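Q: Provide a 3D model corresponding to the input given below.
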Amino acid sequence: MKNKKEEYEVVIVGAGPAGLKAAEILAENGKRVLVLEKNSVIGRKPCGGGLSRKFLETKFPLEDIGDRFFNSVDYYYGGKKHLISAKNPLIVITEREKLGEHMAKIASEKGAEIRTNFKVEEVKENFIIANGRKINFDYLIGADGANSLTRKFLNISSKKFLFSLGYNLPKNYNKLEIFFDSKTLGDGYGAIFPHKDYTQIGITIDSNLYSMKEARKVLDRWVSKMKWNVRDGDFMAGVINYDYRGFQFENKFLVGEAAGFTSGLMGEGIFQAIISGEEIAKKIINPEYNCPRLKHILRSKFLQEKILKRILKTKNKILIKIINIIFFASKKKSFYKMLYKIFS
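A: Predicted structure coming up:
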């Protein structure tokens, strides 16, 4: 089977949410699509699996992919606890493998071909080499995550990363909580994400300020402060790319984390991945399409990374006091409702 030549209109590298959504839309519109996934299981990735309210815009059947539904979230900031609640779920927790299986099924039903255990070894101008096979394409979509081979072929460097690390604990926890604590977490944040059969606790921290080794020390300090027993937990760690440098490069596109659409504040990227996959698919179908929803994602990224990141991670006690006075003088929760809308 070596060097066997194959031809597709669109080849997608990576079967994450971005790649699978693009495959679904393209196949539905008559394109011959091939998705290549290097792993044997689709969706396996260290991830909290939190789907925000904006995820409802994707029209996913949450009852099929959601494990736990939360109508409230506790935010800790400035030494105080703040509750955000609503009648409908604010956050839905899913397992990444369940989400991947669901999206792969839909893409396959639309006509996309998906191959697992297929590692892309080389990317060229109009073909790739994967598992020793030459596969020609008209368009290539890089949906291959933080260490995207497609991005490297395009000579696009990545200098903005988040480290995400923590533990999966065999403990059932009933609250979803997010912590901004500069004394313990520095420029990062901590989170408690309760899943169906376990609880995920961890931190997300900027690699420009900490090495992975230093981030592990921050995690250990936070775990000690929270008095969590992690001896029976499974340690996990990953890297998140949020360095956006563009998404179209002639007949090649980057989506999801490969493009850097991920939030540089919270590290959340499932929603951005799905929307970017859908928008790029529409762009391939109609080259005149101007991708308005990607523009909205980029505006949110700018606000989160340039403004809110500085506010929420500040160690300036005077600034924290001023912020609290401004937003709590009238005893309203408008500031935290605003934060939720931006985070989601």
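
Q: for this protein, what spans make up the helices?
A: Using DSSP state H, the helices of the chain run over residues 17-28, 62-65, 96-110, 149-153, 182-185, 212-226, 256-259, 270-285, 292-303, 309-312, 317-328, 334-343.

Q: Give me the angle between the longest one and helix 292-303.
A: With axes from the mean of the first three to the mean of the last three C-alpha atoms, to 10 degrees defining the directions, helix 270-285 sits at 140 degrees from helix 292-303.

Q: and if you look at the first one?
A: In terms of direction (the same axes, to 10 degrees), helix 17-28 departs from helix 292-303 by 170 degrees.

Q: re the thing from before, quick one, which of the helices of the chain is packed in tightest?
A: helix 256-259 (a mean of 32; mean count of other C-beta atoms under 10 Å). Any C-beta I mention is one placed from the backbone N, CA and C, and that applies to glycine too.

Q: Let's see the distance spanning stretch 51-63 from one end to the other.
A: Taking C-alpha to C-alpha, to the nearest Å, stretch 51-63 runs 13 Å from one end to the other.

Q: and that stretch, how far out from the chain's middle?
A: Stretch 51-63 has its C-alpha centroid displaced from the chain centroid by 14 Å (C-alpha atoms, centre = their mean, to the nearest Å).

Q: one step back: adding distance to residue 166 and mean pLDDT as columns, could you present the helices of the chain in CSV?
A: Listed next are the helices of the chain as CSV, based on distance: least, C-beta to C-beta, whole Å; pLDDT from 0 to 100:
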stretch, distance to residue 166, mean pLDDT
helix 17-28, 21, 97
helix 62-65, 22, 76
helix 96-110, 15, 92
helix 149-153, 26, 95
helix 182-185, 12, 82
helix 212-226, 6, 92
helix 256-259, 18, 96
helix 270-285, 17, 95
helix 292-303, 24, 88
helix 309-312, 19, 61
helix 317-328, 26, 52
helix 334-343, 19, 52
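
Q: now those helices in a markdown table, with distance to residue 10?
A: Shown next, in a markdown table, are those (distance: least, C-beta to C-beta, whole Å):
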| stretch | distance to residue 10 |
| --- | --- |
| helix 17-28 | 5 |
| helix 62-65 | 25 |
| helix 96-110 | 12 |
| helix 149-153 | 13 |
| helix 182-185 | 42 |
| helix 212-226 | 35 |
| helix 256-259 | 15 |
| helix 270-285 | 6 |
| helix 292-303 | 18 |
| helix 309-312 | 35 |
| helix 317-328 | 47 |
| helix 334-343 | 32 |
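
Q: between those, which one is nearest to residue 164?
A: Closest to residue 164 of the helices of the chain is helix 212-226 (C-beta to C-beta; 9.0 Å).

Q: tell me what the closest one is packed against?
A: Where contact means 3 or more C-beta pairs under 8 Å, 6 or more residues apart in numbering; DSSP states H and E, helix 212-226 is packed against strand 161-169, helix 182-185, strand 199-206.

Q: So which of the helices of the chain is nearest residue 7?
A: Per C-beta to C-beta, nearest to residue 7 of the helices of the chain: helix 17-28, 15.2 Å.

Q: what helices or strands is the closest one leaning on?
A: strand 5-13, strand 33-36, helix 96-110, helix 256-259, helix 270-285.

Q: For residue 45, which of these is the nearest?
A: helix 96-110 (5.2 Å).

Q: And for that closest one, what's in contact with it?
A: 15-17, 20-21, 23-24, 27-28, 33, 35, 41-45, 47, 49, 60, 64-65, 67, 114, 270 (C-beta atoms under 8 Å, 6 or more residues apart in numbering).

Q: quick one, it and helix 17-28 angle?
A: Using the same axes, to 10 degrees: helix 96-110 against helix 17-28 is 10 degrees.

Q: Only C-alpha atoms, please: export helix 96-110 in PDB.
A: Presented in PDB, the C-alpha positions along helix 96-110 are these (Å, rounded to 0.1, in the frame of the first residue of the first chain):
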ATOM      1  CA  ARG A  96     -14.400  14.600  24.900                       C
ATOM      2  CA  GLU A  97     -14.600  11.100  23.500                       C
ATOM      3  CA  LYS A  98     -18.400  11.100  23.600                       C
ATOM      4  CA  LEU A  99     -18.400  14.500  21.800                       C
ATOM      5  CA  GLY A 100     -15.900  13.100  19.200                       C
ATOM      6  CA  GLU A 101     -17.900  10.000  18.700                       C
ATOM      7  CA  HIS A 102     -21.100  12.000  18.200                       C
ATOM      8  CA  MET A 103     -19.500  14.400  15.700                       C
ATOM      9  CA  ALA A 104     -17.700  11.600  13.800                       C
ATOM     10  CA  LYS A 105     -21.000   9.700  13.400                       C
ATOM     11  CA  ILE A 106     -22.700  12.800  11.900                       C
ATOM     12  CA  ALA A 107     -19.800  13.600   9.500                       C
ATOM     13  CA  SER A 108     -19.700  10.000   8.300                       C
ATOM     14  CA  GLU A 109     -23.400   9.900   7.700                       C
ATOM     15  CA  LYS A 110     -23.000  13.000   5.600                       C
END
